[in-house]
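Student: with the sequence up front, the predicted model follows.
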Amino acid sequence: MSVRLAPSILAADFAALGACIAAAERGGADLIHVDVMDGHFVPNLTVGPPVVRSVRQVARVPIDVHLMIEDPDRFIPAFAEAGAAFISVHVEVLPHLHRTIGLIKSLGLKAGVALNPSTPVGSIEEVAADVDFVLVMTVNPGFGGQTYIPRSTSKVRAMRALLDEAGNPAPIEVDGGIDESTIADVVLAGAEWIVAGSSIFGSGDAEAAARSLKARAVAAAQERLAAHRSAR
Ligand code: DX5
Ligand code: ZN
């Protein structure tokens with residue numbers, strides 16, 4: 001498994017976004033996570049394609065766009081055009097999830113499906129072979145700085161089993177409440193892409209915080225690998 005750290009700019013200083021992104025990248029960021037909220041699916045508003053376009057111009061790593069919006073199909077082409085490399089959409093808003101995954105892929109991007117904490121793992125069973133990644137929300141989406149929901153750890157494990165069963169090595173991304181005290185548990189459970197907002201940009205030293213989180217995640221991934229090898 002390969003760990004990727006995805007700092008969420010939601011917790012960054014938007015007046016100094018370029019500097020925040022550069023600091024996170026020096027600390028080992030592998031993706032930049034952009035949270036798009038519409039005030040309908042979640043009770044908050046954030047940013048759209050123009051910000052993704054600006055981030056694309058300064059970021060050296062790929063942009064990971066998390067769409068917390070109703071009717072994402074309407075906006076996916078604009079986010080693709082703005083420079084997103086990865087787009088995740090919420091299963092809760094999509095009666096035609098299979099079609100949306102196809103739309104994202106048809107634009108040359110990697111397609112992810114995101115699940116709220118109350119949404120069962122089985123809700124993606126029929127598309128488990130089609131997704132490029134799965135985003136397991138570890139808080140209720142809408143705000144940064146919330147507390148990790150402990151049940152998420154077993155959900156990540158169950159999601160890994162479902163993807164393995166489908167023969168899909170697609171990584172699991174986790175998002176919400178990830179910090180020094182929770183990161184090892186989610187990685188040991190099978191998460192590979194780690195979103196972190198407040199614990200990086202709220203820390204006062206984004207570079208150091210990213211470096212430390214990444215080191216913990218890499219160590220936990222090695223521990224998981226070693227445990228799997230000795231179980232064989
Ligand atoms: C929450 C967003 C997250 C958020 C995470 O709705 O999807 O990406 O930025 O923030 P922290 O890491 O502060 O929980
Ligand atoms: Zn997010």
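Tutor: Cool, got the structure. Ligands and ions are numbered 1, 2, ... in the order given.

Student: and residue 128, its phi and psi?
Tutor: Torsion angles at residue 128 (phi, psi; degrees, to the nearest 10) stand at phi -60, psi -30.

Student: got the residues of this structure near ligand 2?
Tutor: Neighbours of ligand 2 within the chain, by CB under 5 Å from the ion: 35, 66, 175. Bear in mind the C-beta positions are built from the backbone N, C-alpha and C, glycine included.

Student: may I have the one helix or strand the second one maps to exported as CSV, CA atoms only?
Tutor: It stands for residue 66. Per DSSP states H and E, residue 66 falls inside strand 63-68. C-alpha atoms of strand 63-68 as CSV (Å, rounded to 0.1, in the frame of the first residue of the first chain):
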residue,chain,number,x,y,z
ILE,A,63,-5.5,18.3,-7.1
ASP,A,64,-8.1,16.1,-5.4
VAL,A,65,-11.5,17.7,-5.6
HIS,A,66,-14.2,16.5,-3.1
LEU,A,67,-17.6,17.5,-4.3
MET,A,68,-20.1,17.9,-1.5
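
Student: show me the contact partners of it.
Tutor: Contacts to strand 63-68, defined as CB atoms under 8 Å, 6 or more residues apart in numbering, come from residues 6, 31-38, 41-42, 52, 55-56, 75-76, 79, 83-90, 114, 135, 141-142, 173, 175, 193, 195.

Student: next step: the residues you listed restricted to strands.
Tutor: Counted as lying in strands by DSSP state E, out of the contacts of strand 63-68, are 6, 32-37, 86-90, 114, 135, 173, 175, 193, 195.

Student: just the buried members of the residues you listed?
Tutor: Neighbour-count burial within the ones in strands among the contacts of strand 63-68 applies to 6, 32-37, 86-90, 114, 135, 173, 175, 193, 195; the criterion is 16 or more other CB atoms under 10 Å.

Student: and the average pLDDT for the longest helix seen in the chain is what?
Tutor: Among the segments of the chain that qualify as a helix by DSSP state H, the longest is helix 206-231. Across helix 206-231, pLDDT averages out at 96.

Student: for that helix, packing partners?
Tutor: Packing partners of helix 206-231 (3 or more CB pairs under 8 Å, 6 or more residues apart in numbering; DSSP states H and E): strand 4-7, helix 17-26, helix 183-189, strand 191-196, helix 198-201.

Student: turn those into TSV, columns for mean pLDDT.
Tutor: Shown next, in TSV, are these (pLDDT from 0 to 100):
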stretch	mean pLDDT
strand 4-7	99
helix 17-26	98
helix 183-189	98
strand 191-196	99
helix 198-201	98
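
Student: list the contacts of the residue nearest to residue 178 when sequence neighbours are not counted.
Tutor: The shortest distance from residue 178 to any non-neighbouring residue, by CB to CB, 6 or more residues apart in numbering, is to residue 196 (4.7 Å). Residue 196 makes contact with 5, 6, 7, 8, 178, 179, 183, 210, 213 under the criterion CB under 8 Å, 6+ apart.

Student: which of the contacts of strand 63-68 are close to ligand 1?
Tutor: Among those, the residues that sit close to ligand 1 (CB under 6 Å from any ligand atom) are 33, 35, 141, 142, 175, 195.
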